[in-house]
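J.: this one's sequence-less:
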Ligand SMILES: *Cc1c(COP(=O)(O)O)cnc(C)c1O
């Protein structure tokens, strides 16, 4: 069997999750008549102490909806240059919202309140685009699963309130950050206007993301989701998977993190490995000492049924997840240990 470590999006539903999906009571969610969706949205909103939540088919659509909510065409948002909203959403920021991105070179995808402050255009200076939104990402994807310090987020939140800017969190992997820091989700709810959360990554659902926010913003988000073509009908089958994941899968993320740390420790001892970014959650980003080794390294593992991903610019990525079992983990560590002499 192939050991697929290219992303945590490759996860498939557990038997318990499939049972929950098959047994879901459903209705037409476009009329807000799907009980499983309504229950799920309430669960997520209350977990974060937010008024309301909305279920979406993808994380891209939740982020794009949030950006549309908080901006007008011609505005500018502030984000890190690694941000998923800028790099991996097909140019949606400009396509959907007519908004430009002011990019900050942060540290592993994380930016500070001081950096943000220096990027805010003066509202009176009409020659420049109006700054209306700040977007953070936690954990950072391109930054290798790095986790924000909550004190920095508090400073950013205060700055945004003072400057009357909206603050959105791309929390596709906020679950991993919460597992790492053990912080209260309600704290996050209180610091951001909107948060997007993915259920189809580490939590193992087949499909689905949720946007949380105030009653007013979610009411407007329903309209935007409809415009983007994201209104779904009997989506309770998918929402039931989300509810199941919250109850049964969330707690397993610490195993993904432990395995990621163990892989990083193993890589640390290999001569061909030049550097590894500090592993906090489930993503390991490392580079080898030559491009030739990079191709050999990936092929060596592929020949042994282990798939990992080249990120470009000499970086390689491994992502652990709930379908990566303890047996597979031991096999990977043994394979890397045997390979030591090879590179
Ligand atoms: C995966 C991901 C998303 C959403 O991606 P979809 O494939 O559209 O679900 C958004 N932000 C980050 C940081 C992600 O890793």
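T.: Yes, it's here. Since the model is a prediction, treat every value here as computed from it, not as a measurement.

J.: drop to CA atoms for contacts and neighbour counts, all remaining ones
T.: OK.

J.: Quick check: which helices or strands does the longest helix seen in the chain pack against?
T.: When the chain is parsed with DSSP state H, its longest helix is helix 253-268. Packed against helix 253-268 by the contact rule (3 or more Cα pairs under 8 Å, 6 or more residues apart in numbering; DSSP states H and E) you find helix 174-181, strand 273-276, strand 283-288, helix 326-339.

J.: Strands along the stretch 51-200 of the chain, start to end?
T.: 52-56, 76-80, 100-104, 131-137, 166-171, 194-198 (DSSP state E, counting those that start in this stretch).

J.: tell me which residues in the longest helix of the chain are buried?
T.: With burial defined by 16 or more other Cα atoms under 10 Å, the residues of helix 253-268 counted as buried are 253-261, 263-264, 266-267.

J.: do the same with stretch 68-82
T.: Using 16+ other Cα under 10 Å as the test for burial, stretch 68-82 gives 68-71, 75-82.

J.: quick one: it near the ligand?
T.: No: Stretch 68-82 stays clear of the ligand (Cα under 6 Å from any ligand atom), getting no nearer than 9.3 Å.

J.: Identify the residues contacting that stretch?
T.: 96-106, 108-111, 116, 119-120, 129-136, 142-143, 166, 217, 220-221, 224 (Cα atoms under 8 Å, 6 or more residues apart in numbering).

J.: Run the chain-centre distance for stretch 250-265.
T.: Centroid separation for stretch 250-265 versus its chain: 17 Å, with Cα atoms, centre = their mean, to the nearest Å.

J.: wait, which of the helices and strands packed on helix 253-268 is closest to residue 306?
T.: helix 326-339 (7.6 Å; Cα to Cα).

J.: angle of the closest one against helix 253-268?
T.: Computed with axes from the mean of the first three to the mean of the last three Cα atoms, to 10 degrees, the direction of helix 326-339 lies at 10 degrees from that of helix 253-268.

J.: count of neighbours near residue 303?
T.: Per other Cα atoms under 10 Å, the neighbour tally for residue 303 reads 9.

J.: Spit out the contact partners of it.
T.: Contacts for residue 303 (Cα under 8 Å, 6+ apart) come out as none.

J.: Need the per-residue pLDDT for it.
T.: Per-residue confidence (pLDDT) for residue 303: 96.

J.: and the residue of the stretch 151-300 of the chain nearest the ligand?
T.: The ligand sits closest to residue 172 of the stretch 151-300 of the chain, with a gap of 4.8 Å, by Cα to the nearest ligand atom.

J.: tally of neighbours for that residue?
T.: Burial measure for residue 172: 28 neighbouring residues, criterion other Cα under 10 Å.

J.: Same check on the one 5 residues further on?
T.: Using other Cα under 10 Å, the number of residues around residue 177 comes to 23.

J.: Endpoints of stretch 123-133, how far apart?
T.: End-to-end span of stretch 123-133 (Cα to Cα, to the nearest Å): 13 Å.

J.: what's the spacing between it and its chain's center?
T.: Centre to centre, stretch against its chain (Cα atoms, centre = their mean), the figure for stretch 123-133 is 29 Å.

J.: The protein: helices as residue ranges?
T.: Secondary structure of the chain (DSSP H): helices located at 15-22, 35-47, 59-70, 84-87, 92-97, 113-117, 150-163, 174-181, 185-191, 215-227, 236-244, 253-268, 291-303, 326-339.
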